[in-house]
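Participant: A predicted structure for the sequence below; I have some questions about it.
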Amino acid sequence: MTISGTTRLAGVIGWPVTHSRSPLLHNHWCARHGVNGAYVPLPVRPGALATALAGLAAAGFEGVNVTIPHKEDAFGLVTRRTHVAQRAGAVNTIRFEPDGSMTGDCTDGTGFIADLRARGIETVRRALVLGAGGAARAIAAALLDAGGEVLIANRTATRAEVLTRALCGGEAVRWDAWPARLEGCDLLVNATSLGLNGAEGPDEAGYWAECLERAPSALAVADIVYNPLRTPLLAAAETRGLTTVDGLGMLIQQARAGFASWFGVWPEADAETRALLLATPD
Ligand code: NDP
């Protein structure tokens, strides 16, 4: 696709943003669906989000995705929010409207549930979610709204407590106590940045193996980190013989609504899309 004056533009704002596979995914969909569009990574420092959004809107962008560490700031900066974004307390997808306003949506939770269903996990009765950032909030809200019970453990305990109050549901669990609370759960979700390439953390292989030592055999383990795809948590879960769900399916599912809103086509979330992401080195 040749970029010209009529090319529709979108991108992903993050800091860092080099790990993001969203440009690969959206540009693949543009080519596959014959859309005259382009999607670029946009490194924006913490504190500079408002300036960046105003500049991109003024430059004619259709909209943007917002990733770590900006999702909660984005929530406060948009003009209006969808019901799901309101519930999640976070925004990951913004549409710049012709009147200069900004509509914020949060597709992380709905994308996560859509991926579970695509993998045959139709119902979650009790989940333990690790993390209380933008993605964790969206996932916990979606699991609660789907009728499940949700336990939330976060390194900074007060953030988990604040989150359960904001969601009017769920139970905050101490970070050092979460492995003992896996009993009775059918899903564990890592929605922290532990496991992300370059992120600081404990000796992860040993840490996760120890955490999963007494996990129930029917537990499914999801890690929304997708770089690397086989995270230390998923490797430990596989060793235990547990069902695993990697972060690539959620990445694809959560991206679909933004693409449709900016480029006007509902894109495929099929094996070809997944294979493209798998075949392309980081
Ligand atoms: P946020 O910055 O909003 O939240 C980060 C979370 O990770 C916080 O709960 C934080 O805890 C926790 N955390 C960070 N470092 C550590 C550590 N060393 N030990 C324990 N907890 C830690 O990020 P997001 O919610 O936006 O994203 C979280 C992860 O999910 C990222 O890796 C991101 O790439 C991935 N992601 C994947 C998606 C997908 O489609 N597959 C979509 C969205 C995100 P604390 O509060 O204590 O700081």
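Facilitator: In hand now; what should we look at?
Participant: all contacts plus neighbour counts: C-alpha atoms, from now on.
Facilitator: Noted.
Participant: who in the protein is up against the ligand?
Facilitator: 67-69, 108, 131-136, 154-156, 191-194, 196, 200-201, 224-226, 247-248, 250-251 (CA under 6 Å from any ligand atom).
Participant: Turn the buried ones among those into a named PyMOL selection, would you?
Facilitator: Filtering the residues of the chain next to the ligand down to the buried ones (16 or more other CA atoms under 10 Å) takes a single PyMOL command:
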select buried, resi 67+68+69+108+131+132+133+134+135+136+154+191+192+193+194+196+224+225+226+247+248+250+251
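Participant: I'd like to know which of the residues of the chain next to the ligand are part of strands.
Facilitator: Using DSSP state E, no member of the residues of the chain next to the ligand falls within strands.
Participant: just checking, which of the residues of the chain next to the ligand belong to helices?
Facilitator: Judged by DSSP state H, the residues of the chain next to the ligand include 108, 134, 135, 136, 248, 250, 251 as members of helices.
Participant: Give me the distance between the two termini of stretch 94-113.
Facilitator: Taking CA to CA, to the nearest Å, stretch 94-113 runs 21 Å from one end to the other.
Participant: before we move on, what about stretch 29-48?
Facilitator: 29 Å.
Participant: now swap in stretch 33-45 and tell me
Facilitator: 33 Å.
Participant: Equivalent analysis for stretch 223-242, please.
Facilitator: Its first and final residues considered, stretch 223-242 spans 13 Å by CA to CA.
Participant: Need the residues that contact it.
Facilitator: Residues outside stretch 223-242 that contact it (CA atoms under 8 Å, 6 or more residues apart in numbering) are 19, 189-197, 204-205, 208-209, 212-213, 217-222, 243-248, 250-251, 282.
Participant: Report the buried residues of that stretch.
Facilitator: Buried, per 16+ other CA under 10 Å, within stretch 223-242: 223-227, 229-237, 240, 242.
Participant: just to revisit the earlier point, would you mind putting the ones in helices among the residues of the chain next to the ligand into a markdown table with pLDDT alongside?
Facilitator: A markdown table is the format used below for those (pLDDT from 0 to 100):
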| residue | pLDDT |
| --- | --- |
| 108 | 93 |
| 134 | 81 |
| 135 | 87 |
| 136 | 92 |
| 248 | 93 |
| 250 | 95 |
| 251 | 90 |
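Participant: related to what we said a few turns ago, apply the buried test to the contacts of stretch 223-242 and list what passes.
Facilitator: For the contacts of stretch 223-242, buried by 16+ other CA under 10 Å: 19, 189-196, 204, 208-209, 212, 219-222, 244-248, 250-251.
Participant: Quick check: residue 236 is in a strand.
Facilitator: No - Residue 236 sits outside any strand when classified using DSSP: H, G, I helix; E, B strand; the rest coil, being helix.
Participant: Distance-wise, check it relative to the ligand.
Facilitator: 17 Å (CA to the nearest ligand atom, to the nearest Å).
Participant: before we move on, what about residue 205?
Facilitator: Residue 205 is 14 Å from the ligand, by CA to the nearest ligand atom.
Participant: Which of the three states applies to that residue?
Facilitator: With three-state DSSP as the basis, residue 205 sits in helix.
Participant: can you check residue 26 too?
Facilitator: helix.
Participant: for residue 178, same thing?
Facilitator: Assignment for residue 178 (three-state DSSP): helix.
Participant: likewise residue 266?
Facilitator: Following three-state DSSP, residue 266 is assigned to coil.
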